[in-house]
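Asks: My questions concern the predicted model and sequence given below.
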Amino acid sequence: MKVQQRLPLIDMLRGFAVLGTLGTNIWIFAYLGDISYITTSNYSGWWSLNDFLRMVVLFFVNGKLLGLLTIMFGVGLELKYQQALRKGNAWPGMYIWTIVFLFMEGLIHFTLVMEYDILMSYAVTAIIVAFIVKFGDKAIKRALFVFGSFHAVMILLILAGALLGANTSLAGVDPVVSLYENGTWFEQIQYRLTNFLYYRTEAIFIIPMNIFLFLLGVKLMRNGVFLQNDKGRQARQKLFKIGIFIGVPLNLLIFIPGGAFDLPVRYLFAPILSIGYIGILGKMVEYKKLDWLWKRFGEIGKMSLSCYVLQNTMASIIFYGWGLGLGGKLNSIEVICIWLTLSLLQLFIAHICIKHFHVGPMEWIRKHAIQSVTQK
């Protein structure tokens, strides 16, 4: 299916996903890099109200919005592929340059802002998926099965090990907390570079999942899921049911303390709810009285790279010692309020940028950098 016009639902979903990823990352910033605060490994019983509020937020966002963002990157790749076909251009051809710049943007973001950057992993995934797409639908179906099965089996084996008593939690003792509380920005940069391979472990680990979700985005795009017609609505209704009846029950396992379900929920069950979000948000956009809000999310989606980097930069300034130094000093309600405030601020900034410049600053830099390289 070839789609030439821009589909508003795609931008809206991408924008929603970007703001949602901050809903997970905000806890990492707020607790100075201590990822135990997005896990259950430190708990053998029920939580305090403060901890429970954090886990409620994580139930809705942890892994789910990252999964949705990954699917939307696959949708974007398919749009680029369709564009190349319409223009008669070679594939992946010039798209390689987009991937190269995405990797460089991720490396810079990792170095200067956040050690859990996802852009480099997306760049590696994109180059693999670009060639899979090149070989047609059969190759896509085989790759979906191979990478999806490999990832699912790997996570289920980890779950089995956890249930048998092995320590498989994401959490661990990390000296980064003291550094982010008391160290300078330059010391943090040095630490990230010194521990580059350690902090890229997750980015490598999730590549099979990313490939599956990228290709799922390609298939959803080709099946008309994002179209505002009966076919699109029927497809989204199916995704809605998958999310509600399968995704929600599996993701409720996040409320079982002890750490056994930390990895399975984030890396296996969360993506199921991610596709449910496509169905849920697809239903919500039909409520026309909130069109202004859906357009604001769409503006975030149009400059998703700029907003992703901006929100992590602002969170760094708020929580790290070289900035306002609020890390480790706030309760869950205050952290949630900061997340919502930063989200509202980005909605405003994106609206101004799109209204006056039609593009975000990072997107503008990438576009002109690629043009400069390819015209030489």
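Replies: Here it is on my side, so go on. Numbering: from 1, shown residues only.
Asks: what's the distance between residue 87 and residue 95?
Replies: 12 Å (CB to CB, to the nearest Å). Where you see a C-beta, it was placed from the backbone N, CA and C, and this is true even at glycine.
Asks: now do residue 274
Replies: Taken as CB to CB, the span from residue 274 to residue 95 is 24 Å.
Asks: Kindly report the same for residue 292.
Replies: Residue 292 is 34 Å from residue 95, by CB to CB.
Asks: more neighbours, these two?
Replies: Shown here are residue 292 and residue 95; by other CB atoms under 10 Å, residue 95 has more neighbours (20 against 8).
Asks: show me the contacts for the more buried one.
Replies: For residue 95, the contact set (CB atoms under 8 Å, 6 or more residues apart in numbering) comprises 77, 80-81, 84, 130.
Asks: Do a quick rundown of the helices in the stretch 1-150 of the chain.
Replies: Using DSSP state H, counting those that start in this stretch, the helices of the stretch 1-150 of the chain run over residues 8-30, 49-61, 64-87, 95-112, 119-134, 137-163.
Asks: correct me, but residue 84 touches residue 91?
Replies: Yes: at 4.7 Å, residue 84 counts as touching residue 91 under the criterion of CB atoms under 8 Å.
Asks: Go ahead and flag the most central residue of this structure.
Replies: residue 66 (2.6 Å; CA atoms, centre = their mean).
Asks: Residue ranges in this protein under the pLDDT threshold?
Replies: Residues of the chain that meet the criterion pLDDT under 70 lie in 1-6, 43-46, 167-174, 376.
Asks: Just to check, residue 364 is in contact with residue 357?
Replies: Yes: Residue 364 lies in contact with residue 357 (CB under 8 Å); the separation is 7.2 Å.
Asks: out of those two, which sits in the more crowded spot?
Replies: More crowded of residue 364 and residue 357, by other CB under 10 Å: residue 364, with 15 against 12.
Asks: how close does the more buried one get to residue 353?
Replies: As judged by CB to CB, residue 364 and residue 353 stand 9 Å apart.
Asks: again with residue 224
Replies: Going from residue 224 to residue 353 by CB to CB gives 30 Å.
Asks: More neighbours: the two, which one.
Replies: Neighbour totals were compared for residue 224 and residue 353, and residue 353 leads with 21 against 18 (other CB under 10 Å).
Asks: Residue 319 versus the nearest residue to that one once chain neighbours are set aside, what's the distance?
Replies: Nearest non-adjacent residue to residue 353, counting by CB to CB, 6 or more residues apart in numbering: residue 360, 5.5 Å away. Separation of residue 360 from residue 319 (CB to CB) stands at 24 Å.
Asks: who's in contact with whichever strand or helix holds residue 209?
Replies: Using DSSP states H and E, residue 209 maps to helix 207-222. Helix 207-222 is contacted by residues 1, 3, 67, 70-79, 81, 121-122, 124-126, 128-129, 132-133, 140, 143-144, 147-148, 150-151, 154, 226, 235, 267, 271, 274-275, 278 when judged by CB under 8 Å, 6+ apart.
Asks: One more pass at 7 Å, please.
Replies: Defining contact as CB atoms under 7 Å, 6 or more residues apart in numbering, one finds that helix 207-222 is touched by 1, 67, 70-75, 77-78, 121-122, 124-125, 128-129, 132-133, 140, 143-144, 147-148, 150-151, 267, 271.
Asks: Spit out the contact partners of the residue nearest to residue 353.
Replies: Per CB under 7 Å, 6+ apart, neighbours of residue 360: 303, 305-306, 353.
Asks: let's go with 8 Å and repeat that
Replies: By CB under 8 Å, 6+ apart, the contact list for residue 360 reads 302-307, 350, 353-354.
Asks: From what I see, residue 40 and residue 257 are in contact.
Replies: Yes: with contact defined as CB under 8 Å, residue 40 reaches residue 257; the gap is 4.5 Å.
Asks: ok, these two, which is more surrounded?
Replies: The neighbour count for residue 40 versus residue 257, taken as other CB under 10 Å, is higher for residue 40 (25 against 18).
Asks: and residue 178, how many neighbours?
Replies: For residue 178, the neighbour count with other CB under 10 Å is 12.
Asks: Give me the distance between it and residue 208.
Replies: Applying CB to CB, the value for residue 178 to residue 208 is 34 Å.
Asks: Over to residue 130?
Replies: From residue 130 across to residue 208, the span is 16 Å (CB to CB).
Asks: Now residue 22: closest residue in space that isn't a chain neighbour?
Replies: Closest residue in space to residue 22, ignoring its immediate chain neighbours: residue 311 at 4.7 Å, by CB to CB, 6+ apart.
Asks: Give me the buried subset of the contacts of helix 207-222.
Replies: Among these, those buried by neighbour count (16 or more other CB atoms under 10 Å) are 67, 70-75, 77-78, 121-122, 124-125, 128-129, 132-133, 140, 143-144, 147-148, 151, 267, 271.
Asks: so how many other residues sit close to residue 52?
Replies: Count around residue 52 with other CB under 10 Å applied: 12.
Asks: Same check on the one 5 residues further on?
Replies: Neighbours of residue 57 under the rule other CB under 10 Å: 18.
Asks: Hmm, it is touching residue 20, no?
Replies: No: if you go by CB under 8 Å, residue 57 and residue 20 don't touch, sitting 10.2 Å apart.
Asks: returning to that earlier point: what would the contacts of residue 360 look like in TSV with secondary structure and distance to residue 340?
Replies: Formatted as TSV, these follow (DSSP: H, G, I helix; E, B strand; the rest coil; distance: CB to CB, whole Å):
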residue	secondary structure	distance to residue 340
302	helix	21
303	coil	20
304	helix	19
305	helix	22
306	helix	20
307	helix	15
350	helix	16
353	helix	20
354	helix	21
